[in-house]
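**Student:** following is a predicted model, sequence given first.
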Amino acid sequence: DAGVIQSPRHEVTEMGQEVTLRCKPISGHDYLFWYRQTMMRGLELLIYFNNNVPIDDSGMPEDRFSAKMPNASFSTLKIQPSEPRDSAVYFCASSLRTEYSNQPQHFGDGTRLSIL
Amino acid sequence: KQEVTQIPAALSVPEGENLVLNCSFTDSAIYNLQWFRQDPGKGLTSLLLIQSSQREQTSGRLNASLDKSSGRSTLYIAASQPGDSATYLCVPQYGSGNTGKLIFGQGTTLQVKP
């Protein structure tokens, strides 16, 4: 089974540029989560979707950040314009809701983003 | 504020040792608690999930215990191996089901020397 697939694995760009991170969740999973990981703040939830609909975006730091999920197999996280303080590892995770809940989230390998 | 503290922050042991990783959380009203493993440059892998009503979970050489009332959990690793080297994260969930909020600690970075 393919896990959560993120692309690119690494992104280096200059401040002010638009950055788009991509995620393909595990087939059949109906929840998708975007996280950011930094040394200072650890892992933080940015936004999550259920059945392609954004449910909670309270973790999105600023209006420069936006996320979409046009279909069940694809999501994007966009930063425009990017700033050096956005440098971090961005993770996507997906999970399946069942009547028993408590299904663990499956994480992708992350995108390491460096804004110069 | 819901916070997670993991002690120690880093640990280096020779192969074969049994070891304990400690976790404390400020808000004891958890829904469940997971232990994750993160390898360098990789995402997180869920190792064990303990329901709030449970005291422990076991998987192979791993055993996780939960004392919800005191806000503590421990991960016990028996007969450690070099392949166990990774960062271990204690992650309580607040709120039910998949929409619950996960709170991540900074983790314990483990190195097991051959």
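**Tutor:** Yes, it's here. Quantities reported herein were computed from a predicted structural model and do not represent experimental measurements. Numbers count the residues shown, from 1 in each chain, chains lettered A, B, ... in the order given.
**Student:** which single residue of chain A ends up nearest chain B?
**Tutor:** Here the residue of chain A nearest chain B is residue A:107; by CB to the nearest CB that distance is 3.2 Å. Where C-beta positions appear, they are placed from N, C-alpha and C, glycine not excepted.
**Student:** quick check: pLDDT value at that residue.
**Tutor:** The model reports residue A:107 with a pLDDT of 90.
**Student:** before we move on, what about residue A:37?
**Tutor:** Note on residue A:37: pLDDT of 92.
**Student:** name the SS class of it, please.
**Tutor:** Recorded secondary structure, residue A:37: strand (DSSP: H, G, I helix; E, B strand; the rest coil).
**Student:** what sits against it?
**Tutor:** By CB atoms under 8 Å, 6 or more residues apart in numbering or on different chains, the residues touching residue A:37 are A:43, A:44, A:88, A:89, A:90, A:91, A:110.
**Student:** is it bridged to anything, and to what?
**Tutor:** residue A:43, residue A:89 (DSSP bridges).
**Student:** residue contacts, the residue nearest to residue A:85 when sequence neighbours are not counted?
**Tutor:** Ranked by CB to CB, 6 or more residues apart in numbering or on different chains and with sequence neighbours excluded, the top spatial neighbour of residue A:85 is residue A:115, at 7.8 Å. By CB under 8 Å, 6+ apart, the contact set of residue A:115 is A:13, A:14, A:15, A:19, A:82, A:83, A:84, A:85, A:86, A:87.
**Student:** which of these ranks first by neighbour count?
**Tutor:** Using other CB atoms under 10 Å in any protein chain shown as the neighbour test, these are led by residue A:82, with 23 neighbours.
**Student:** I'd like the distance between that one and residue A:41.
**Tutor:** Distance from residue A:82 to residue A:41, counting by CB to CB, to the nearest Å: 18 Å.
**Student:** then residue A:64?
**Tutor:** Residue A:64 is 17 Å from residue A:41, by CB to CB.
**Student:** out of the two, which sits in the busier spot?
**Tutor:** residue A:64 (15 against 11).
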